[in-house]
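Novice: got a structure for you, letters missing:
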C-alpha cells in the first residue's frame, strides 16, 4: 500500500447494481480515491461512463486490470465473482464482493458496516483478501436488527418478504415493465389464468421471465433456487447470513420470500424475539440513535414506510413498530430498504470506503 | 319454518361481494331454495338481475322485505348490518352477516363450515338469530389451519398478509386499475415519490383513494383503522377471529397486514406452531383429505399458489409447505384464497346452505 490516494475498481460497472454504484460514486461528499477503474465483460468494454466529472472508458475484465488496484468492488453474478475476486486479491486488491460466491466462506467476513464493521479494520479478519456483502433481502433489515440485537439480544426471527423485481437485476425490472405494458388498460386479475393469457397474447413467454410466474397484478412466493426440503435459496440466505452477520450461530429463523410487483425496494414484515424485555419506546430510541435507520411510524397520520416513498434513499426505513400482544420480548415491525442501494451497491461502497480510510 | 322450499334474501346484491354472490347462486348445482329476494339500498332498487334464469328486481332495504324470509345474507358495510341484521332476525329470518358488526359478539357464532359448521345446526348456538362470517383475511387461511389444528393442536401463529385491492370493495378495484392506467408506459418506481407524482399529475388525489398510499408498483403496510398500540384493525381481526373460530381463546397471534397491487385473492405467509410434532408429509396428507383445500406444492416444477392462478376458485390453495428449521412443531407455508369467494360470498352462502338443509 502506498501513501498516494488509493485506486478503486468497480467490476460490473454496466449492470443494474453497477449503474447504481456509479450514481453513489458521483454523489459522495468525501472522496478518498485517486484513480477509478470501471471494469465489465468484454461485451461492454469501451463504453464511456462519467464518474465525478471525468469520462472513463470501461475496461474488459482481465487479470492485469487489477494491478495497482487497492480495493475492487464486484457487482457481478456468482460465477464471475467466484473466478475473478481471488484473481483481484492475488494481484493485491481487497475484493469487496456483492455476489453469493463467498458469503458463507469461513475465511471471508460478511460485513454490514454499522453492525460488524470492525471486521474491515484488520487484514487478519479477511485472510483471503475478500470481504463479502450480504444478500439484498437480508441486508434490508440488518441495520435495524443489528441495533436492536445490540441492546436486547436477538433470539428468534420470523420474516416474510415483499421483494422487488430489481432483485433479479435489470432483466427483472424490464420484465415487470413489459408485463404491465402488456396488460395495460385491461381489467384482469379476477379469473384464474387471465394474466397469464394476456401475457402470452402479448408474446411474453413465461420461460423468458426471470420469475417463475407472472408478476403483474400478482405475487410470487419464490426467490432463488430450490434447496433441501422445499426451502428456496433466498430463504436460507436470510437465515444463514443473518446468523453470520449478527454473530448468533444458533439464531432461530424462518423466512418466506415473496416477489411483489414493485420495481425497487425490498420490504420485510419482521417478528423478532429477544432475550431481554423490549418496549416500543425503547426500540424507537434505538432506531433514532442509529444514523442509517429512519423511523417512519405514525399510522394515525398515515405514516409508515412504503417502497414508492423510500426508493432511491440510503437508509433503512422502519415503521409499524408494535409490541407483540401474545409473545414475550417480541416486536413486530415493517422495514423498507432500497435493494440496489443499501441492499447492494451502497453497502459494498461503505465497506470499500472503510478500507480506504486505513490504507 | 314451513316444509316449502325456504326463501333466501341477499342484502347488498349490487356491491362487489354481492356481485360474486350472484355468480355463486347461478353456479350452484344443488338448489334448496324457493323464492330469492335481492335487496340493496334505495339507490340501487329497481335494478334487474338474473338469478338462475329468472330476472329479479332489486328491492329497497325495508323491514317488510324480510317477512317470510328464512335466511338473509348480508354483504353490506358494518353500520348497515348493525342496523338491519337484527331487524331481519326479528322478522323471522336467520341473518348470515359478512360484516364486522357482530363477529366478536358472544351470542353470535363466527362460522367457517368446514371448521365449526356444527354451530349452524342448533338454534341455541345463535340465540340472536345472527351468524357472522369472518373477515376475508382470516378466512383465507382458516380451512387450512382448521384442518391442521384438528390434528396437531395449534398454539402460535405468525402471519404476514399480501392483501388484494378488492378487500376494500369495488372502490379498491377501481382505484388499482385507475392507478395503473395513470402510470402506464412510464418507468416509475426507482425514485422516492415518483409514483405519487405520476398519480397526482393524472388527477388521482391520495385522499380519494380507499388506501392510505399509492398501490401501483407499491405495497402498503396498512389495512383497516388504527387501534391501540399501533395495531391495525385488520391485524387484530386476524388474531381475535382466529381464536374464536378455532376455539382457542389463548392462541398466540402476531399478524402484519399489507396491501399489494393484486386485484383479487389474498395471500398469507403463515408460521404455525403446534402442541404436537408435525411433519410436512403429515400436513400434506391432512390438506389432501380436506375437500376445500388444494395443495399446489412442487417448487421443483415451479408449482406454488399465486393469486393470478387461483383467483375465481372456491378452495384455499396451499403451497410452500416446509418444516421450520429452527422452531419445533412448526410449519411454514403460503396460502392463497379468493377474498371475494371463500373469503366472503362463498363462505356466507355455505352457511346459508347449511341452514337450508335443516329448515
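Specialist: All right, it came through fine. Keep in mind the model is a prediction, meaning the values are calculated, not measured.
Novice: what residue ranges in the stretch 1-150 of chain A score low on pLDDT?
Specialist: Low-confidence segments of the stretch 1-150 of chain A (pLDDT under 70): A:1-3.
Novice: and the helices in it?
Specialist: All helices of the stretch 1-150 of chain A, identified by DSSP state H, counting those that start in this stretch, fall at A:16-27, A:78-90, A:113-116, A:136-152.
Novice: please parse chain A into its domains.
Specialist: A:8-133+A:345-357, A:137-164+A:220-337 (the TED database).
Novice: of all those domains, which lies closest to chain B?
Specialist: domain A:137-164+A:220-337 (3.2 Å; C-beta to the nearest C-beta). The way it works is simple: take the backbone N, C-alpha and C, and place the C-beta from them, glycine included.
Novice: how far does the closest one stretch from one end to the other?
Specialist: Taking C-alpha to C-alpha, to the nearest Å as the measure, domain A:137-164+A:220-337 stretches 9 Å from start to finish.
Novice: distance from that domain to the middle of the chain?
Specialist: Here domain A:137-164+A:220-337 is found 13 Å from its chain centre; the criterion is C-alpha atoms, centre = their mean, to the nearest Å.
Novice: reformat the helices of the stretch 1-150 of chain A as CSV; add mean neighbour count.
Specialist: Listed next are the helices of the stretch 1-150 of chain A as CSV, based on neighbours: other C-beta atoms under 10 Å in any protein chain shown:
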stretch, mean neighbour count
helix A:16-27, 20
helix A:78-90, 19
helix A:113-116, 19
helix A:136-152, 24
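Novice: in a markdown table, list those along with distance to chain B.
Specialist: Listed next are the helices of the stretch 1-150 of chain A as a markdown table, based on distance: least, C-beta to the nearest C-beta, whole Å:
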| stretch | distance to chain B |
| --- | --- |
| helix A:16-27 | 9 |
| helix A:78-90 | 20 |
| helix A:113-116 | 21 |
| helix A:136-152 | 13 |
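Novice: nearest to residue B:334, out of the ones you listed?
Specialist: helix A:136-152 (16.1 Å; C-beta to C-beta).
Novice: show me what the next helix or strand after that closest one is packed against.
Specialist: Proceeding N to C from helix A:136-152, the next assigned helix or strand is strand A:154-162, under DSSP states H and E. Applying 3 or more C-beta pairs under 8 Å, 6 or more residues apart in numbering or on different chains; DSSP states H and E, one finds that strand A:154-162 contacts helix A:136-152, helix A:233-246, strand A:252-256, strand A:266-274, strand B:154-162.
Novice: and the angle from the third one to helix A:136-152?
Specialist: The reference is to strand A:252-256. Interaxial angle, strand A:252-256 versus helix A:136-152 (axes from the mean of the first three to the mean of the last three C-alpha atoms, to 10 degrees): 150 degrees.
Novice: describe which strands strand A:252-256 pairs with in its sheet and in which direction.
Specialist: Sheet pairing for strand A:252-256, assigned by DSSP bridges, gives strand A:154-162 (parallel).
Novice: now residue A:129. Nearest residue, chain neighbours left out?
Specialist: residue A:89 (3.2 Å; C-beta to C-beta, 6 or more residues apart in numbering or on different chains).
Novice: buried deepest among the domains of chain A, which one?
Specialist: domain A:137-164+A:220-337 (a mean of 22; mean count of other C-beta atoms under 10 Å in any protein chain shown).
Novice: quick check: next helix or strand after the host helix or strand of residue A:334?
Specialist: According to DSSP H and E, residue A:334 maps onto strand A:330-337. Remark: after strand A:330-337, the chain's next helix or strand is helix A:346-357, criterion DSSP H and E.
Novice: what secondary structure does the residue of chain A most remote from its centre sit in?
Specialist: The outermost residue of chain A relative to its centre, with distances by C-alpha atoms, centre = their mean, is residue A:191 at 35.0 Å. At residue A:191 the chain is in coil, as set by DSSP: H, G, I helix; E, B strand; the rest coil.
Novice: got the confidence number for it?
Specialist: At residue A:191, the model reports a pLDDT of 92.
Novice: strands along the stretch 1-150 of chain A, start to end?
Specialist: A:8-11, A:36-40, A:48-51, A:54-57, A:59-60, A:71-74, A:94-97, A:130-132 (DSSP state E, counting those that start in this stretch).
Novice: before we move on, back to that, now the residue farthest from the centre of chain A. Nearest residue, chain neighbours left out?
Specialist: Nearest one to residue A:191, counting by C-beta to C-beta, 6+ apart, is residue B:312 at 4.6 Å.
Novice: thank you kindly, that will do.
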